[in-house]
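Undergrad: Predicted coordinates and the sequence they were generated for:
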Amino acid sequence: MNTAAAKAAYDQPLETLNPAQPALFRDDTMWTIFERLRKEDPVHYTPESDYGPYWSITKYHDIVAVDTDYQTFSSEPAITIFEQNQGQGPLPMFIAMDPPKHDVQRKAVSPAVSPMNLERLAPLIRERAAGILDALPVGETFDWVDKVSMELTAMTLATLFNMPQEDRRKLTYWSDVVTAVPGHGLIDSLEQKMAIFLEYHAYFTGLWNQRVNAEPASDLISMLAHSPATRNMEPREYFGNIVLLTVGGNDTTRNTITGSILALNQNPDQYKKLRENPALIPSMVSETIRWQTPLAHMRRLATRDIEFKGKQIRKGDKIIMWYVSGNRDEEVIANPNAYIIDRERHRQHLSFGFGIHRCVGNRLAELQLTIIWEEILKRFPNIEVVGEPKRVYSTFVKGYESLPVIIRKKH
């Protein structure tokens with residue numbers, strides 16, 4: 001842990017603590033702020049930030065309480081700390097809705113990630129994972145994010161949308177643009193972001209028009225186009241749901257695939273344990289999803305004045321559930337800063353959310369991670385990280401732009 005950052009987090013007055021700073025996440029120095037908030041002020045008010053005033057919920061059980069009470073803590077009109085208004089109000093999407101509308105729209109797409117469909121997808125994911133790994137340049141440094149994490153998740157998502165595989169990296173790019181902060185690498189301005197959104201919107205409008213005029217099929221677009229609950233939705237609402245499915249199907253899995261390589265390198269005893277016992281892959285996957293927490297937060301809006309854990313929250317206040325902090329809550333998870341691939345309760349984490357908004361694709365994420373690691377262990381005794389990861393500049397996506405690795409040649 002960065003000692004200077006840790007000291008700074010304890011030196012400043014409690015009321016000035018503001019965890020919603022992208023630079024903290026890029027530098028991986030937000031941990032002590034969350035540790036202090038959990039100990040001293042678990043329901044914390046930040047009066048001023050780049051995103052306006054907001055409450056931070058940092059403890060596991062408090063997050064669960066907020067996440068499961070949609071009557072008091074609404075998902076409408078948006079689910080992140082920043083306002084996605086871009087001049088037209090936030091994009092409607094089912095994760096940013098409350099029941100009953102949320103439930104019927106979610107139900108329209110959930111067959112795509114049903115156990116039966118995942119069983120059908122698994123051999124295809126395995127074939128692709130094997131192809132990706134067999135093409136890696138053994139004996140030379142390469143970027144794991146680009147060659148593996150992005151590739152597998154983009155291939156899977158393109159299949160779920162039933163779009164051409166040659167367009168799969170557009171999904172990666174669009175997903176990154178959605179969550180990118182202008183002026184920090186990917187895009188320079190909000191105007192540029194809007195121009196890219198127009199291309200993104202036009203592409204998926206084309207897919208909708210194809211599917212709505214064809215027989216119903218098992219891909220996500222066809223499900224939206226033919227379900228009675230969604231076939232008459234406004235174009236912006238359709239696009240909002242596409243944005244949700246793109247980011248949800250992309251960022252989370254790819255950043256956990258990268259996180260697994262980093263975590264195992266930082267904890268060689270755990271890597272050795274995994275090599276010696278591949279049956280630990282499923283629990284390693286869950287532990288990585290907790291340890292990484294690929295989406296750092298979700299937000300809610302108070303629908304009424306309420307006293308919550310001794311604090312007066314007002315109607316209209318913005319509430320941020322910091323999953324990244326809840327997953328390190330010492331009172332719920334033993335030794336939470338340690339990476340332990342055979343934890344007894346490895347599925348106990350908040351990375352998929354809780355309650356009605358629990359990630360619809362959580363089993364698909366676990367399936368991709370499990371398969372890629374089964375295939376890695378068949379081929380490579382060690383994937384070695386040979387440089388610092390470059391992390392994403394974001395308070396929402398907790399992920400990686402690049403991670404240099406090498407697979408040594410066998411002698």
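TA: The structure has been received and is ready for your questions. All figures in this text were calculated on a predicted structure; none of them were measured in a lab.
Undergrad: tell me the average confidence for the helix or strand Leu198 falls within?
TA: Using DSSP states H and E, Leu198 maps to helix 190-212. For helix 190-212, the mean pLDDT works out to 92.
Undergrad: helices or strands next to it in the packing?
TA: With contacts defined as 3 or more C-beta pairs under 8 Å, 6 or more residues apart in numbering; DSSP states H and E, the packing partners of helix 190-212 are helix 168-179, helix 220-226, helix 235-266. Heads up, the C-betas are built off the backbone N, CA and C, glycines and all.
Undergrad: Of the ones you listed, which is nearest Arg328?
TA: Taking C-beta to C-beta, helix 235-266 is the member of the helices and strands packed on helix 190-212 nearest to Arg328, at 13.8 Å.
Undergrad: between the closest one and helix 168-179, how many degrees?
TA: With axes from the mean of the first three to the mean of the last three C-alpha atoms, to 10 degrees defining the directions, helix 235-266 sits at 100 degrees from helix 168-179.
Undergrad: and helix 235-266, how far out from the chain's middle?
TA: How far helix 235-266 lies from its chain's middle: 5 Å, per C-alpha atoms, centre = their mean, to the nearest Å.
Undergrad: after it comes which helix or strand?
TA: Following helix 235-266 in sequence, per DSSP H and E, is helix 268-276.
Undergrad: got the buried residues for that next one?
TA: Residues of helix 268-276 classed as buried: Gln270, Tyr271, Lys273, Leu274 (neighbour count, 16 or more other C-beta atoms under 10 Å).
Undergrad: same thing with stretch 153-166?
TA: Thr153, Ala154, Met155, Thr156, Leu157, Ala158, Thr159, Leu160, Phe161, Met163.
Undergrad: Looking at those, which is nearest Val113?
TA: Once C-beta to C-beta is applied, the member of the buried residues of stretch 153-166 that ends up nearest Val113 is Leu160, at 8.0 Å.
Undergrad: if I look at the closest one, how far off is Met150?
TA: Between Leu160 and Met150 the computed distance is 16 Å (C-beta to C-beta, to the nearest Å).
Undergrad: Switch the helices and strands packed on helix 190-212 over to a markdown table; also include distance to Lys7 and mean pLDDT.
TA: Listed next are the helices and strands packed on helix 190-212 as a markdown table, based on distance: least, C-beta to C-beta, whole Å; pLDDT from 0 to 100:
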| stretch | distance to Lys7 | mean pLDDT |
| --- | --- | --- |
| helix 168-179 | 30 | 91 |
| helix 220-226 | 48 | 89 |
| helix 235-266 | 23 | 89 |
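Undergrad: Can you pull out the low-pLDDT segments for this protein?
TA: For the chain, applying pLDDT under 70 flags the ranges 1-2, 77-79, 82-106, 108, 112, 356-358, 360, 411.
Undergrad: same thing but 50
TA: Low-confidence segments of the chain, defined by pLDDT under 50: 84-88, 94.
Undergrad: which residues in it form strands?
TA: Assigned by DSSP state E, the chain shows strands spanning 43-46, 54-57, 73-74, 142-143, 297-302, 306-308, 311-313, 318-322, 384-385, 390-391, 400-402, 404-406.
Undergrad: Pipe the ones you listed into TSV and attach mean neighbour count per row.
TA: Output for these, formatted as TSV (neighbours: other C-beta atoms under 10 Å):
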stretch	mean neighbour count
strand 43-46	19
strand 54-57	24
strand 73-74	21
strand 142-143	18
strand 297-302	22
strand 306-308	14
strand 311-313	15
strand 318-322	25
strand 384-385	15
strand 390-391	17
strand 400-402	19
strand 404-406	19
